[in-house]
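> Sequence below, structure please.
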Amino acid sequence: MFLQAIFIFLLQLLYVPVLTIRTILLVKNQTKAAAGIGLLEAAIYIVALGIVFQDLSNIYNISAYIIGFGAGLLLGGELEKKLAFGYVTYNVNLMDKNSGLVKKLREAGFGVTVFQGEGMNSIRYRLEVVAKRSREEEFLKLVNEIEPKAFLSSYEIRSFKGGYLTKAMKKRVKRLEKERT
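Alright, predicted model coming up:
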């Protein structure tokens, strides 16, 4: 009786993170990979629900399904943070140009474009910075060390083509990896 409930719980712990990854891949327009993962997702789903539906009076199996789903959501969220698929763009708004910050970000391999704009009472500067999501913490640390009062906003990039990112960023990251080892 309890073995089935434990099995259902474990299936849910596997099912929901797989569901999370499939959803992320769909959002990132990677439909073939999402379809492949969807096969595994469907198989797990059918097995777990099949066991639950065999005896709807078994509160242990139903509870295991529900609790496993919640625990799977937590696990899936953590997994998504660790995998950090894709790219993010940060808008860094500054009172001053801060060429030192721009230089450090570029040296670290981030794509940086500087814009000048008109604020309410003065000229303002905005950096548009593109980074791999896996390097987001590194980026935030650099900005906070050099320009702690900067206003930051971000959004995820679904896709991109051309520009600095596709050529120079790959070369620069490889060079930095060699220097670190």
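
> Next, the buried residues of the host helix or strand of residue 64.
Assigning secondary structure by DSSP states H and E places residue 64 in helix 59-83. Within helix 59-83, the residues that count as buried by 16 or more other C-beta atoms under 10 Å are 61-62, 64-65, 68-69, 72, 75-76, 79-80. From N, CA and C alone the C-beta is placed, and that goes for glycine too.

> ok, those residues vs residue 29, which is closest?
residue 80 (16.7 Å; C-beta to C-beta).

> Name the nearest residue to the closest one, ignoring sequence neighbours.
Once flanking residues are discounted, residue 80 sits nearest to residue 20: 5.7 Å by C-beta to C-beta, 6 or more residues apart in numbering.

> Mean confidence (pLDDT) on the helix or strand where that neighbour lies, please.
For residue 20, the host element (DSSP H and E) is helix 2-27. For helix 2-27, the mean pLDDT works out to 93.

> Give me the pLDDT value at the residue nearest in space to the middle of the chain.
Nearest to the mean C-alpha position of the chain, by C-alpha atoms, centre = their mean, lies residue 84 at 3.5 Å. Residue 84 is assigned 80 on the pLDDT scale.

> what residues are up against it?
132-134, 136 (C-beta atoms under 8 Å, 6 or more residues apart in numbering).

> Check whether residue 52 really touches residue 66, as I assumed.
No. In this structure residue 52 lies outside contact range of residue 66 using C-beta atoms under 8 Å: 9.6 Å.

> Measure how buried the residue nearest to residue 80 is and give me the count.
21 (other C-beta atoms under 10 Å).

> can you tell me how far it sits from residue 13?
In this view, residue 20 and residue 13 are 12 Å apart by C-beta to C-beta, to the nearest Å.
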